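Trainee: Quick one: sequence plus predicted model below, questions after.
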Amino acid sequence: MMGGDDLWVEGASSGTEIDLTVRWLRSVWRDALVEVPGRPVLPIRSERLFPLTPAAEVFIYRDPASFESWRRDGLTAGNADAVIWVSRSEDALSFVVNDRRSASGLLVSELLENIKWNRWLLQGNTQPRGEAA
């Protein structure tokens with residue numbers, strides 16, 4: 001069971017955004033493990049992990065020790081900031097972290113800005129946000 005803070009971006013989410021999320025986190029959590037329900041847990045750097053397009057949710061553990069701690073003990077004070085849960089629905093892409101001000105919370109906040117920017121560009125916008133066309 002996870003507690004903490006929910007962060008999200010509203011609007012229909014394509015499965016590609018979960019794929020993008022995991023690929024983006026590869027550069028930050030290099031030793032992470034990714035759990036997709038119904039699939040084996042794999043290292044974030046494994047090409048067998050992709051594509052994640054059909055996934056509705058993923059759990060991303062910072063490293064193997066974090067995964068083992070969650071599996072063995074569930075949520076503890078020591079591992080609370082070591083996992084990010086991502087899920088998509090018809091109306092939002094959601095992330096659950098222990099605390100939005102924590103290291104994982106700040107990562108997700110930055111990621112959400114990138115997703116919003118990507119969505120804005122995919123709508124055909126060419127000017128940077130905030131600038132007149």
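Mentor: The structure has been received and is ready for your questions.
Trainee: Quote the end-to-end distance of stretch 5-14.
Mentor: Stretch 5-14 has an end-to-end distance of 22 Å (Cα to Cα, to the nearest Å).
Trainee: what does it rub up against?
Mentor: With contacts defined as Cβ atoms under 8 Å, 6 or more residues apart in numbering, stretch 5-14 is touched by 53, 88-100, 105, 108-109, 112, 115-116, 119. Quick note: C-beta positions are derived from backbone N, CA and C, even for glycine.
Trainee: Can you give the distance of that stretch from its chain's centre?
Mentor: 11 Å (Cα atoms, centre = their mean, to the nearest Å).
Trainee: Any quick PyMOL command for the buried ones out of the contacts of stretch 5-14?
Mentor: To isolate the buried members of the contacts of stretch 5-14 in PyMOL, using 16 or more other Cβ atoms under 10 Å:
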select buried, resi 88+93+94+95+96+97+98+105+108+112+115+119
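Trainee: Can you flag which of the contacts of stretch 5-14 belong to strands?
Mentor: The members of the contacts of stretch 5-14 that map onto strands under DSSP state E are 88, 92-97.
Trainee: Serialize these to a markdown table and add fields for distance to Asp81.
Mentor: Below are the ones in strands among the contacts of stretch 5-14 laid out as a markdown table (distance: Cβ to Cβ, whole Å):
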| residue | distance to Asp81 |
| --- | --- |
| Arg88 | 23 |
| Ala92 | 23 |
| Leu93 | 21 |
| Ser94 | 18 |
| Phe95 | 13 |
| Val96 | 12 |
| Val97 | 7 |
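Trainee: helices or strands next to the longest helix along the chain in the packing?
Mentor: Longest helix in the chain, counting residues (DSSP state H): helix 103-122. Secondary-structure packing of helix 103-122 (3 or more Cβ pairs under 8 Å, 6 or more residues apart in numbering; DSSP states H and E): strand 5-10, helix 16-25, strand 83-88, strand 92-97.
Trainee: As JSON lines, the ones you listed with distance to Arg71 and mean pLDDT would be great.
Mentor: Shown next, in JSON lines, are these (distance: least, Cβ to Cβ, whole Å; pLDDT from 0 to 100):
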{"stretch": "strand 5-10", "distance to Arg71": "23", "mean pLDDT": "90"}
{"stretch": "helix 16-25", "distance to Arg71": "19", "mean pLDDT": "91"}
{"stretch": "strand 83-88", "distance to Arg71": "11", "mean pLDDT": "94"}
{"stretch": "strand 92-97", "distance to Arg71": "17", "mean pLDDT": "93"}
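Trainee: Done for today, thanks.
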